[in-house]
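Participant: Sequence first, predicted model second:
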Amino acid sequence: MVSERKNIFNVLKNKDFFALWIGQIVSQFGDRLAQMGLVGIYLNKTQGISVAESVPLMRDLFFFSTLPILIFTPLAGVYVDRWGRRNILIITDFVRAVLVVLIPVSVVYTGNISYVYVIIFLIFSVTCFFTPAKLAFIPNLVEKEELLSANSLSNITRMVAMIAGVVIGGFIVARLGITLSFVLDSVSFIASGCAIALVRIKGNPVRDSHAASLLKKIGGDVREGIRFILKNKQVSLLAINLFVSMAASGLAYVLVTVWVTKDLRMGTQGLGIIAAFLGAGMIAGSLLYGQFGGKLRKNSVILGGMLAAGLFVLILGGSGSITFLSLGIFLIGFIAAIIMIAANTFIQEVTPDSVRGRVFAGFEIIINSAFLIFVWVAGVIGALYPISHIFYGIGAVLLAYSGSMILGRTIIRVR
């Protein structure tokens, strides 16, 4: 029995979790194909202009995919805790299957990228319901001692799908055009919804199904989720740490994409190679932490990870070749996976089931606020300063923040 618990893959023996896991492999693979399709649209629209001039367009693609999270996440958290979580997952998959095929249609028939922004906004509005539902649903499918393994494998799923999706998607977009990538993403959403339909329901807190009644309670329920985060000191610290981490991610995500596709002139296939190294790092981090990280304090793991990430971002700033760039991306992916798993597992452990969806929704607001703000900042400073210099700044800030937090905690323990 002891050896069973030490193997993170044993959680796959749970048929319900296995069905969810398989569904996510398929849909997340499709997501990466569509992401490469969006990069293909960006490259087509920025032909003949400089790297600095192209940064705002990439910023806008990320901005409109993040903005819905701030608008709809509070509403989503309330409904997740009252509606059937499995039903939410299935419905949102099917709705996204329809929306995603509208992207190439709008490009072909209108040539106006503004319509793409609208469709992206709608897709991620629906995703606002999917994400907290999935995170809140996992503890309904597995035992508490299996949570770390389940979260690790879910993260591995995402990374395996990302590696395969970006590499294959980069080839498809470069050689076969952008339309096929979006069609395959639509098919993946349908397959994911069908897989999740096989999951049996248990322990799902459905307290009220009347929309009018729910709308009256949204304000109070949102405050309840935020209040839980604020009143727990460790959870509040986690929220601050994730805000800083996601601020750095918002800057890096835009700038790395522009750097690889435009500045290095590697296009979608080059971005696929870089993303493969990122995914490989996240798989390695997920496996290592999932297997051996159970006894480590999760807040300490997150701070230590941020310190290491600061060092690795400096590698990006000094990357003069694809080799060093790939190494830096791999190491950042390794650390990002550990931080993500530690954070999700800690929230699941300390949050009562009845409010878990709202608490996850609260964290979605916090971390995506940081991401959204600094995606916009990336569009501004990326047009003014060399990208390598910006990475030096990101690394320095992460080192200063995490180092001061670790030093402060050490002083408090000594006293």
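Facilitator: That came through, no problem.

Participant: Helix or strand with the lowest mean pLDDT in the chain?
Facilitator: helix 2-6 (a mean of 45; mean pLDDT, DSSP states H and E).

Participant: what's downstream of that one, the next helix or strand?
Facilitator: Moving toward the C-terminus from helix 2-6, the next helix or strand (DSSP states H and E) is helix 15-45.

Participant: tell me the angle the following helix or strand past that next one makes with helix 15-45.
Facilitator: Downstream of helix 15-45, the next assigned helix or strand under DSSP H and E is helix 51-80. Compare the direction of helix 51-80 with that of helix 15-45 by axes from the mean of the first three to the mean of the last three C-alpha atoms, to 10 degrees and you get 150 degrees.

Participant: which parts of the next helix or strand after helix 51-80 are buried?
Facilitator: Later in the chain than helix 51-80, the nearest helix or strand by DSSP H and E is helix 85-100. Neighbour-count burial for helix 85-100 flags 85-86, 88-93, 95-97, 99-100 (criterion: 16 or more other C-beta atoms under 10 Å). Glycine gets a C-beta too; all of them are placed from N, C-alpha and C.

Participant: Same check on stretch 157-176?
Facilitator: Buried residues in stretch 157-176 (16+ other C-beta under 10 Å): 157-170, 172-174.

Participant: likewise stretch 309-327?
Facilitator: For stretch 309-327, using 16+ other C-beta under 10 Å, the buried residues are 309-310, 312-317, 319, 325-327.

Participant: residue contacts, residue 402?
Facilitator: Counting by C-beta atoms under 8 Å, 6 or more residues apart in numbering, residue 402 makes contact with 303-304, 306-307, 310.

Participant: And these, which is closest to residue 252?
Facilitator: Lowest distance from residue 252 to these (C-beta to C-beta) belongs to residue 310, with 11.8 Å.

Participant: isn't the closest one right up against residue 396?
Facilitator: Yes: contact criterion C-beta atoms under 8 Å: residue 310 and residue 396 qualify, at 7.3 Å.

Participant: Check which helices and strands the strand or helix carrying residue 307 sits against.
Facilitator: Here residue 307, judged by DSSP H and E, is contained in helix 298-317. For helix 298-317, the packing partners by 3 or more C-beta pairs under 8 Å, 6 or more residues apart in numbering; DSSP states H and E come out as helix 233-258, helix 322-350, helix 387-414.

Participant: same question for it, mean pLDDT?
Facilitator: Averaged across helix 298-317, the pLDDT comes to 84.

Participant: can you give me the angle that helix makes with helix 233-258?
Facilitator: Here helix 298-317 runs at an angle of 20 degrees relative to helix 233-258 (the same axes, to 10 degrees).

Participant: Pull helix 298-317 out as CSV, backbone CA atoms only.
Facilitator: Coordinates of each C-alpha in helix 298-317 appear next as CSV, following Å, rounded to 0.1, in the frame of the first residue of the first chain:
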residue,chain,number,x,y,z
LYS,A,298,4.4,24.2,-0.4
ASN,A,299,4.8,27.9,0.2
SER,A,300,8.6,27.3,0.6
VAL,A,301,8.6,25.4,-2.6
ILE,A,302,6.9,28.3,-4.4
LEU,A,303,9.3,30.9,-3.1
GLY,A,304,12.3,28.8,-3.8
GLY,A,305,10.9,28.2,-7.3
MET,A,306,10.6,31.9,-7.9
LEU,A,307,14.2,32.5,-6.8
ALA,A,308,15.4,29.8,-9.3
ALA,A,309,13.1,31.3,-12.0
GLY,A,310,14.8,34.7,-11.6
LEU,A,311,18.2,33.1,-12.3
PHE,A,312,16.9,31.2,-15.3
VAL,A,313,15.2,34.3,-16.8
LEU,A,314,18.7,35.9,-16.8
ILE,A,315,19.8,33.1,-19.0
LEU,A,316,17.1,34.2,-21.5
GLY,A,317,18.4,37.7,-21.4
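
Participant: got the angle for that helix vs helix 322-350?
Facilitator: Computed by the same axes, to 10 degrees, the angle separating helix 298-317 from helix 322-350 equals 160 degrees.

Participant: Touching, residue 334 and residue 278? I think so.
Facilitator: No: assessed by C-beta under 8 Å, residue 334 is found out of contact with residue 278, at 9.3 Å.
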